[in-house]
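Visitor: below: sequence and its predicted model.
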Amino acid sequence: MIDYVATFLGIYLLCLFKFIAGPVLGAAAGFSVFEIEVVTVAGMMTSVVAFTYLGDWIKKTWTIKIRKNNRRFTSRTRNIIKIWQKFGVYGIAALTPIFLTPIGGTILLTSFGIPKRKILTSMFVSAVIWALFFAVSIKEILRIPFFNTYLTF
C-alpha cells in the first residue's frame, strides 16, 4: 500500500510540471485507465489552480523587475498569437498538454486577461480529454505482443 501511494504521489508531482508524465508513468506502474486519468488531471489542475491565482502577481513582478521593455516577437510568440487569434482560450487550453506545460499554458492565458473561471474550466476539459486519450492509447499500444515481449523486464 505504501508503494502504491508513493508511486501515485511521485507521478502526481511530475504531472504538476509535465502532463505526459502521468499517462506514460501510470501505464509503466500498471495503473488502470481510471487511475491514470485521476493522477494526470489532478496534477495538471493543481498547477493550473495555483498559477491562475498567482498569475496576476507573477505577471506584475516578472514584467517590472526582469523584463523591462523587452518586447520582441519570436517565431514561438507569433505562433502562439496565431493560435490565440484563431481559436482563443480553447485553442491554448487544448494545446497546453501537448506543447506547453500546465504552468506555461496557465500563465499564457492569465497574461491575456482571461477570467479565472474560464481558465479553470477550459483547462479541466482539456486535461480530461487528453488524459483519457493518452491513457487509452498507451494501454492499447502495450497490449500489442511486439511491445509486450520487448518491454517486459
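Guide: Sure, I can see it.
Visitor: packing partners for the longest helix anywhere in the chain?
Guide: Longest helix in the chain by number of residues (criterion: DSSP state H): helix 33-65. Judged by 3 or more C-beta pairs under 8 Å, 6 or more residues apart in numbering; DSSP states H and E, the packing partners of helix 33-65 are helix 2-15, helix 21-28, helix 102-111, helix 116-142. Any C-beta I mention is one placed from the backbone N, CA and C, and that applies to glycine too.
Visitor: need those in TSV with mean pLDDT, mean neighbour count and distance to residue 81, can you?
Guide: What follows is the helices and strands packed on helix 33-65, written out as TSV (pLDDT from 0 to 100; neighbours: other C-beta atoms under 10 Å; distance: least, C-beta to C-beta, whole Å):
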stretch	mean pLDDT	mean neighbour count	distance to residue 81
helix 2-15	90	15	28
helix 21-28	89	22	28
helix 102-111	84	22	10
helix 116-142	91	17	18
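Visitor: quick one, which of the ones you listed is nearest to residue 57?
Guide: Among the helices and strands packed on helix 33-65, helix 102-111 comes nearest to residue 57, with 10.0 Å by C-beta to C-beta.
Visitor: show me what that closest one is in contact with.
Guide: Helix 102-111 is contacted by residues 15-17, 19, 43-44, 47-48, 51-52, 55-56, 58-59, 80, 89, 92-93, 95-96, 100, 119, 122-123, 127 when judged by C-beta atoms under 8 Å, 6 or more residues apart in numbering.
Visitor: pull out the buried residues from these.
Guide: Neighbour-count burial (16 or more other C-beta atoms under 10 Å) applied to the contacts of helix 102-111 gives 15-16, 19, 43-44, 47-48, 51-52, 55, 80, 89, 92-93, 95-96, 100, 119, 122-123, 127.
Visitor: could you dump the helices and strands packed on helix 33-65 to JSON lines with distance to residue 36?
Guide: JSON lines is the format used below for the helices and strands packed on helix 33-65 (distance: least, C-beta to C-beta, whole Å):
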{"stretch": "helix 2-15", "distance to residue 36": "9"}
{"stretch": "helix 21-28", "distance to residue 36": "4"}
{"stretch": "helix 102-111", "distance to residue 36": "16"}
{"stretch": "helix 116-142", "distance to residue 36": "4"}
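Visitor: starting at the chain centroid, how far to the longest helix of the chain?
Guide: 9 Å (C-alpha atoms, centre = their mean, to the nearest Å).
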